[in-house]
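Peer 1: quick one: sequence plus predicted model below, questions after.
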Amino acid sequence: MDKNFPVKKVSIICAKGALEDVYAALIMANGAVMEGIEANLFFTFFGMDAIIKDRMNKLHTGTVGNPAMRLPWGSRMPSLLGIIPGVEAFASWMMKKEMNKLDIPPVGEFLDLIQAGGGKVYACKAAADMFKITMKDLCEHVSAIITVGEFYELAAGEGSQIIFT
Amino acid sequence: MDKNFPVKKVSIICAKGALEDVYAALIMANGAVMEGIEANLFFTFFGMDAIIKDRMNKLHTGTVGNPAMRLPWGSRMPSLLGIIPGVEAFASWMMKKEMNKLDIPPVGEFLDLIQAGGGKVYACKAAADMFKITMKDLCEHVSAIITVGEFYELAAGEGSQIIFT
Amino acid sequence: MDKNFPVKKVSIICAKGALEDVYAALIMANGAVMEGIEANLFFTFFGMDAIIKDRMNKLHTGTVGNPAMRLPWGSRMPSLLGIIPGVEAFASWMMKKEMNKLDIPPVGEFLDLIQAGGGKVYACKAAADMFKITMKDLCEHVSAIITVGEFYELAAGEGSQIIFT
C-alpha cells in the first residue's frame, strides 16, 4: 500500500437493476465508508430501480442469460431453466436468504447504513426524465437528481476513483 | 467539489453491445465533453457493434435476462416474455422512441456530437482480430484500432479516470 | 500521452462469470503488466468462477439476453435461439476456438501469464462467505481472500485506476 496516495473518494455509478449488480455497487460504497473513504452513489438507467420507493426491495437476480448461475447443489443452471416462471423468483429468494445469513441487509437498510457512514446518493437526470421519475418516487436517501456533468464535479479530488458497476 | 483536482480526462471502455450499455458509454462521454473534460471512447468485444457501420444504428435492448425490464405500464416484464419473437424488437423500438423524445440521438449522430466536442473514438485490436473487423468496416468516427497497452497510454494524465461500462 | 502522469497501477474488479466478462478483466490486466503497469485482479460474485479450480476452464458465453450475439455468418442471433440446449455450449466453443487462433490462452494459462508479469490475484471475502468458498477451492494464483476495504488499500498510489468489468 502506498500511504502517500490513498484512495480518498469513490464515485460509484450503478446502471443495472439486477440484485447482484445493485449489491455490487452497495458493497463497494459501504466498504469505502467503513474505511473512512468518501462515497457517492449515482443511480442511472435500470439501476434506478434500487432507489425507486416501490421497487427497491423487490429486485431480482438475473437467472436467464447468466451462464454463471448455479443451482443450490452447485451444478451449472441450464439457461433454459431460467425462463421457467418461478425459477427467477426462487433464485432471488435463495440469494436474499444467503445474504441475510451474512448480515447483508435489504437495499433500503443498506442505503441507511451507507448514509450513516457519510455516503451520498444521487439519481441521474437523463434516466429520471426517460422513465418519468421525480424526487417523490425516490427513497429519502436521494439527495438530488443531477446531470452527468454534475456527477463529474462530485468526482473531483485527489485520490478519487470513478467505478461503474 | 474540489477545485484543485477536477476530473480532466475520461477514458471509457464500452465492451457490451446492448442498446442501454452503449448509451451509458455515449452519455458518459458526451457529459464529459460538454463540461470541457477530454474524452476517449474505446470499443471492444460486443461493444464493437456500436462502431461497425452496418450495425451501429440497429442495436437492441436486452430484454431477456434483464430482471429490471419494465412493460409500458410499469410492471415488471416476466423474463419468459422476453424470448417471444418481437418483444425484444418492440422494447428496443420503445426505448429508442423515449430517447428520441428526450433529444437523445441515434448512435451515429451521438458519435458526431461527441467528436464535435473533441472526443476521440478507438477500436480494440484484440476484438477487431477476433471478429475479423478492419478499419473499412468501422464508422468514420474511429481514429484508430489500438491495443490495450496503447489505451492505457491514452489514459495517462492528472485527473484522469478509466470507466468500464 | 501525458508523460508526467502515466497509469502506474490498475486494480480490476471482475464480478461477472460469463466467458467474455472474465476475458475482459484478464485482457485489461495482461495489457497492463505487458506495459510495466502494476496489476491487481479482484474476483467477486459470479466472477469467482474464474478462480474456482473446477470451474475456471469451463466458463460459458452468455448467449441468452445478449442482443449483440452473432451467428457464425454474421447475422444477429435471435434471443429465442439462445435458450435451445446446446446453443450456449456451441457459442462458447466457437468463441474459445477464435480466441485460441489469436493465441488467447484458457483462463488458467492466462492467469499464469499475468502472474509471471507480476500481476496479483485476490478473491472477495464477502463473495467467498456467500458461496461457502475457501482457499482450497481456489486456484493457486490466488494470493489471499480479502475484504473490499483491503482492496481499496491495494488500489492506493499515484496514477492508480480502479476498473470494474
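Peer 2: It's in.
Peer 1: where does chain A have low pLDDT?
Peer 2: For chain A, applying pLDDT under 70 flags the ranges A:1-3, A:62-88.
Peer 1: which parts of it are helices?
Peer 2: A:19-34, A:87-101, A:107-116, A:125-130, A:148-154 (DSSP state H).
Peer 1: single out the most deeply packed of these.
Peer 2: helix A:19-34 (a mean of 24; mean count of other Cβ atoms under 10 Å in any protein chain shown). Heads up, the C-betas are built off the backbone N, CA and C, glycines and all.
Peer 1: any figure for the gap between the one residue sitting closest to the centre of chain A and residue A:126?
Peer 2: Geometric centre of chain A, nearest residue: residue A:22, 2.6 Å, by Cα atoms, centre = their mean. The gap separating residue A:22 from residue A:126 is 19 Å, by Cβ to Cβ, to the nearest Å.
Peer 1: next one: residue A:30
Peer 2: Relative to residue A:126, and taking Cβ to Cβ, residue A:30 is found at 26 Å.
Peer 1: before we move on, back to that, out of the helices of chain A, nearest to chain B?
Peer 2: Chain B sits nearest to helix A:148-154 of all these, at 2.8 Å, using Cβ to the nearest Cβ.
Peer 1: other SSEs contacting the closest one?
Peer 2: In terms of contacts (3 or more Cβ pairs under 8 Å, 6 or more residues apart in numbering or on different chains; DSSP states H and E), helix A:148-154 is packed against strand A:9-14, strand A:38-43, strand A:120-124, helix B:19-34.
Peer 1: and the contacts of the second one?
Peer 2: If I follow you right, that is strand A:38-43. If you take Cβ atoms under 8 Å, 6 or more residues apart in numbering or on different chains as the criterion, strand A:38-43 is touched by A:8-15, A:25-26, A:29-30, A:32-33, A:50-51, A:114, A:117-124, A:127, A:146, A:151, A:154-155, A:157.
Peer 1: again, but for the third one
Peer 2: Outside strand A:120-124, the residues that touch it by Cβ under 8 Å, 6+ apart are A:39-45, A:48, A:51, A:111, A:114-115, A:133, A:138, A:141-148, A:151, A:154.
Peer 1: quick one: it to helix A:107-116, angle?
Peer 2: 120 degrees (axes from the mean of the first three to the mean of the last three Cα atoms, to 10 degrees).
Peer 1: run the angle between strand A:120-124 and strand A:38-43 for me.
Peer 2: 30 degrees.
Peer 1: mind saving the C-alpha coords of strand A:120-124 as PDB?
Peer 2: Taking Å, rounded to 0.1, in the frame of the first residue of the first chain, the C-alpha atoms of strand A:120-124 are listed here in PDB:
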ATOM      1  CA  LYS A 120     -24.300  10.300  -0.600                       C
ATOM      2  CA  VAL A 121     -27.000   9.000  -3.000                       C
ATOM      3  CA  TYR A 122     -27.900  10.700  -6.300                       C
ATOM      4  CA  ALA A 123     -30.200   9.900  -9.300                       C
ATOM      5  CA  CYS A 124     -29.300  10.600 -12.900                       C
END
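Peer 1: so what are the sheet partners of that strand and their directions?
Peer 2: strand A:38-43 (parallel), strand A:142-146 (parallel) (DSSP bridges).
Peer 1: which one of the ones you listed is the most hemmed in?
Peer 2: Among those, ranked by average contacts under mean count of other Cβ under 10 Å, first place goes to strand A:38-43 (a mean of 24).
Peer 1: how far away from the center of its chain is that one?
Peer 2: 10 Å (Cα atoms, centre = their mean, to the nearest Å).
Peer 1: same check on stretch A:18-26?
Peer 2: Using Cα atoms, centre = their mean, the offset of stretch A:18-26 from its chain centre is 4 Å.
Peer 1: and that stretch with chain C, contact?
Peer 2: Yes - residues of stretch A:18-26 contacting chain C under Cβ under 8 Å from any Cβ of the partner chain: A:20, A:23, A:24.
Peer 1: kindly provide the distance from the first one to residue C:137.
Peer 2: When you say that, I think you mean residue A:20. In terms of Cβ to Cβ, residue A:20 sits 20 Å off from residue C:137.
Peer 1: equivalent analysis for the second one, please.
Peer 2: Counting by Cβ to Cβ, the gap from residue A:23 to residue C:137 is 22 Å.
Peer 1: list the contacts for residue A:151?
Peer 2: Counted by Cβ under 8 Å, 6+ apart, residue A:151 has contacts A:11, A:13, A:40, A:42, A:122, A:124, B:31.
Peer 1: how about those in TSV, adding distance to residue C:106?
Peer 2: Compiled in TSV, the contacts of residue A:151 are given as follows (distance: Cβ to Cβ, whole Å):
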residue	distance to residue C:106
A:11	35
A:13	32
A:40	38
A:42	37
A:122	41
A:124	39
B:31	39
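Peer 1: re the thing from before, now the closest residue to the residue nearest to the centre of chain A other than its chain neighbours: how far from chain C?
Peer 2: Ranked by Cβ to Cβ, 6 or more residues apart in numbering or on different chains and with sequence neighbours excluded, the top spatial neighbour of residue A:22 is residue A:50, at 4.4 Å. Distance from residue A:50 to chain C, counting by Cβ to the nearest Cβ, to the nearest Å: 16 Å.
Peer 1: same deal with residue A:43?
Peer 2: Relative to chain C, and taking Cβ to the nearest Cβ, residue A:43 is found at 15 Å.
Peer 1: same check, this time on residue A:97
Peer 2: From residue A:97 to chain C the distance is 11 Å (Cβ to the nearest Cβ).
Peer 1: what of residue A:128?
Peer 2: 23 Å.
Peer 1: Provide a list of residues in contact with that residue.
Peer 2: Counted by Cβ under 8 Å, 6+ apart, residue A:128 has contacts A:48, A:134, A:145.
Peer 1: count of residues packed around the first one?
Peer 2: What it means is residue A:48. 24 (other Cβ atoms under 10 Å in any protein chain shown).
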